[in-house]
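*Asks:* could you look at this predicted model? Sequence included:
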Amino acid sequence: MHRHLFQNLLQQQLITEAEYRNVEEHRTMFSLFWELRSLLYLGIVLFTTAIGVLVYKHIDTVGHDVLVICIAAGGATCFAYCLKNAPGYSREKLNFQGFWYDYILLLGCLLLLVFVGYIQAQYNVFGHRWGLAAFIPMLLLFIAAYYFDHLGVLSLAITNLAAWVGITATPTRILQQNDFNSEPTIYSAIALGVTLIAIGFFSTIKKVKAHFSFTYQNFGVHILFIALLAALFHFDSMFLLWFGVLAVVGFLSFRNGVHMKSFYFLVISALYFWIGISYVVVKLLTGSGADIGSFYAVVLYFILSGVGFIRLLIHYNKILRRHADL
């Protein structure tokens, strides 16, 4: 609601003085930008989901060739529109204001994933090289994310990167048995998490799409912590060693959150470390067998650690808010 608009209406005597004062008294600033944006993104996801349902239900009627051509044509049309209206590549953040631009680009990328998955599943274009089937769309998505400056497409690209790393590092036998609790998967996830965090720092230091840094670090931190927790749970004979690694990573991540003045990174760093230390404490307390004493000790630990966890977050939240007001 713009104040000068009502001032102009008052000057033109289109509203009365009493009406203007009433508007001023009840004037509130509320933006529907993110609500509408979320609804549009949800619409794109539902649209692509509906395409998948239609393909599944009417595959025998329409035919595979026709569906492949339609999906390819739809994706090509979306990318053609974006290329025509895109301002071009830039190392900085682009402030291109196109209402349909973001959503058409996202639709085109989703259709690209559907197309590659469809031709692989139906025609086995890549044979048994599933890594190649994941690598090609991943590469195209990264190119699209950087050229069109789109964080949503970047998230899709990172997700495909994680899938590609998992498929490449995990033996086919494990894939067929749906058992991903394996050492190669854990090690590859740790390497992926460290790589994504490093790319995030590189983006900021070199000022190459610096606004992509948060997305890289967000994915990297979650993947790295989850992988370290998986290692802590999996390598039972070396759980103290992996807990030490988790503690170091948690400390560095927490300190980085303080440096970035990001309460979000403080919370997730503290939360993942609390999960790890809780596992170790419970394991040590119940290592010689569960009895009533160890049960009460575990309950007492969770009460005290929960209170300490909340007080720590409240303390740093006050610090960050105090610095934000400076």
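*Replies:* Sure thing, it's come through.
*Asks:* what is the mean pLDDT for stretch 65-76?
*Replies:* Mean pLDDT, computed over stretch 65-76, is 87.
*Asks:* kindly export that stretch (C-alpha atoms) in CSV.
*Replies:* Taking C-alpha atoms only, stretch 65-76 is exported to CSV below (Å, rounded to 0.1, in the frame of the first residue of the first chain):
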residue,chain,number,x,y,z
ASP,A,65,7.5,-42.1,-29.3
VAL,A,66,4.8,-39.5,-29.2
LEU,A,67,5.3,-38.9,-25.5
VAL,A,68,9.1,-38.5,-25.9
ILE,A,69,8.6,-36.0,-28.7
CYS,A,70,6.0,-34.0,-26.7
ILE,A,71,8.3,-33.9,-23.6
ALA,A,72,11.3,-32.9,-25.7
ALA,A,73,9.3,-30.2,-27.6
GLY,A,74,7.9,-28.8,-24.3
GLY,A,75,11.4,-28.6,-22.8
ALA,A,76,12.9,-27.1,-25.9
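*Asks:* what sits up against that stretch?
*Replies:* Contacts with stretch 65-76, where a contact means C-beta atoms under 8 Å, 6 or more residues apart in numbering, come from Ile51, Val55, Ile59, Leu107, Gly108, Leu111, Leu112, Val114, Phe115, Tyr118, Ile119, Gln122. Just so you know, the C-beta spots here come from the backbone N, C-alpha and C atoms, and that holds for glycine as well.
*Asks:* those: which two are farthest apart?
*Replies:* Farthest pair in those (C-beta to C-beta) is Ile59 and Gly108. Separation: 22.8 Å.
*Asks:* packing partners for the host helix or strand of Ala121?
*Replies:* When elements are assigned from DSSP states H and E, Ala121 belongs to helix 101-123. Contacts defined by 3 or more C-beta pairs under 8 Å, 6 or more residues apart in numbering; DSSP states H and E place helix 101-123 against helix 33-62, helix 64-85, helix 130-148, helix 151-169.
*Asks:* now the farthest one out in the protein, which residue is it?
*Replies:* Distance from the C-alpha centroid of the chain, by C-alpha atoms, centre = their mean, peaks at Gln13 (51.6 Å).
*Asks:* determine the longest helix present in the chain.
*Replies:* Determined from DSSP state H, the single longest helix within the chain is helix 292-324.
*Asks:* check which residues of that one are buried.
*Replies:* By neighbour count on 16 or more other C-beta atoms under 10 Å, the buried set for helix 292-324 is Ser294, Ala297, Val298, Phe309, Tyr316, Leu320.
*Asks:* can you check stretch 207-221 too?
*Replies:* Under 16+ other C-beta under 10 Å, the buried positions of stretch 207-221 are Lys209, Ala210, Phe212, Ser213, Phe214, Thr215, Tyr216, Gln217, Asn218, Phe219, Gly220, Val221.
*Asks:* can you name the element that comes right after the helix or strand of the chain with the lowest mean pLDDT?
*Replies:* Within the chain, no helix or strand scores below helix 172-177, which has a mean of 46 by mean pLDDT, DSSP states H and E. Following the chain from helix 172-177 toward its C-terminal end, the next helix or strand by DSSP H and E is helix 183-206.
*Asks:* what angle do that next one and helix 151-169 make?
*Replies:* Interaxial angle, helix 183-206 versus helix 151-169 (axes from the mean of the first three to the mean of the last three C-alpha atoms, to 10 degrees): 140 degrees.
*Asks:* contact partners of helix 183-206?
*Replies:* The contact list for helix 183-206 (C-beta under 8 Å, 6+ apart) reads 158, 161-162, 165-166, 168-171, 174, 208-210, 212-217, 219-228, 230-231, 234.
*Asks:* please report how far Gly293 lies from Thr286.
*Replies:* Between Gly293 and Thr286 the distance is 10 Å, computed by C-beta to C-beta, to the nearest Å.
*Asks:* and what of Lys84?
*Replies:* 64 Å.
*Asks:* and those two? Which one has more around it.
*Replies:* Legend: neighbour count by other C-beta atoms under 10 Å for Lys84 and Thr286, higher for Thr286 (14 against 7).
*Asks:* distance between stretch 306-322 and the chain's centre?
*Replies:* Here stretch 306-322 is found 25 Å from its chain centre; the criterion is C-alpha atoms, centre = their mean, to the nearest Å.
*Asks:* between Ile59 and Gly108, who's got more neighbours?
*Replies:* Gly108 (22 against 12).
*Asks:* find the nearest non-adjacent residue to the more buried one, please.
*Replies:* Counting by C-beta to C-beta, 6 or more residues apart in numbering, Gly108 lies nearest to Cys78, which is 2.9 Å off, once chain neighbours are set aside.
*Asks:* wait, that neighbour sits on Leu105?
*Replies:* Yes. The pair Cys78 / Leu105 is scored as a contact, 6.8 Å apart, by C-beta atoms under 8 Å.
*Asks:* which one's more surrounded, these two?
*Replies:* The neighbour count for Cys78 versus Leu105, taken as other C-beta under 10 Å, is higher for Leu105 (26 against 20).
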